[in-house]
Structure formats: structure tokens, C-alpha cells
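Trainee: Here you go, sequence then predicted model.
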Amino acid sequence: MTSPPLHCLRCGVLVTGFTGCPECAAEGLGVNAAPPLADLSGLSLERYPGGPWGWPGALPVSAGPVTLGEGGTPNVRIPLADAGAGELWVKTEGANPTGSHKDRAMSVGVAAALDAGADTVVAASSGNAGTA
């Protein structure tokens, strides 16, 4: 698995790793880098395997998954009240390991930290993100 190139959110320079933009850092500015939008052409939600690792090429990490099984939550059909209005499908995110949709992002965040060589991860949180 190869991670997509990251780019600086301020100046647009391509960045390797998760240490931020070296050009902006030289100017005394701490700027994070972001991955490009994932190219999902040719992929179908009908065949999506689920979870944040369902399409690993769309993630900004090259390491394998760090997972507790998040994302494989059930879909629930909700018929809309108006006749002929159709239906709405929602994910039951409470079925994730810690009961939060934040499990998905933290799974990828921890994998990215390991990919960058970290042996410790700290996340500021007042609740669910820290639990995840």
C-alpha cells in the first residue's frame, strides 16, 4: 500500500510524512499537510466492503490497518413519511467498538502515527475522541 502525497494547506508544496510543511516552518509557521481528495472513480458503494479500511488507497497512510473492527456498523432503513418520498439509509455508529463514529478517524490516525514512527499517540479530547 502506498500513501498518497500530502500537500501544504497554505502554500501547496508537496510534503512527505506528517511533520508539516518544511517551507512554512522555515518562515516560523506551523502548517499541517493534507492528502489530496481520493479518486473513487470506478468504485461502487454497492460493493463497498465497509469501515475506514474498505478502500485503503484512499487513505493517507502506507502502513496496514490499526483496527478494532470499526466501521462495519449496520445500515438501518428509514422510510420517509411523505408518500413516494423514498427512504433514507443511516449507519448505526453506536455499534462501533467505543460507540462513536470517531473510532473511524482514530483508527486511521493511529495508523498514520505508526507510519511516521511514533510509539505514543496523544489526542486532545473532552469525550468520544479520547475514548476512541
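Mentor: Looks like it came in fine.

Trainee: give the contact list for the residue nearest the centre of the chain.
Mentor: In the chain, the centroid-proximal residue (C-alpha atoms, centre = their mean) is residue 105; its distance is 4.3 Å. Counting by C-beta atoms under 8 Å, 6 or more residues apart in numbering, residue 105 touches 52, 129, 132. C-betas here are computed from N, CA, C, even on glycine.

Trainee: Looking at neighbours, which among those residues is most surrounded?
Mentor: Neighbour count (other C-beta atoms under 10 Å) singles out residue 132 as the most crowded of these, with 23 neighbours.

Trainee: Tell me which helix or strand the residue lying closest to residue 48 once chain neighbours are set aside sits in.
Mentor: Spatial nearest neighbour of residue 48, chain neighbours left out: residue 54 (5.3 Å); criterion: C-beta to C-beta, 6 or more residues apart in numbering. Per DSSP states H and E: residue 54 is located in neither a helix nor a strand.

Trainee: how near is residue 118 to residue 21?
Mentor: Distance from residue 118 to residue 21, counting by C-beta to C-beta, to the nearest Å: 19 Å.

Trainee: Between the two, which is the more surrounded one?
Mentor: residue 21 (23 against 12).

Trainee: That one against residue 10, yeah?
Mentor: Yes - contact criterion C-beta atoms under 8 Å: residue 21 and residue 10 qualify, at 6.7 Å.

Trainee: Which neighbours do the two have in common?
Mentor: Contact criterion C-beta under 8 Å, 6+ apart; residues shared by residue 21 and residue 10: 29, 31.
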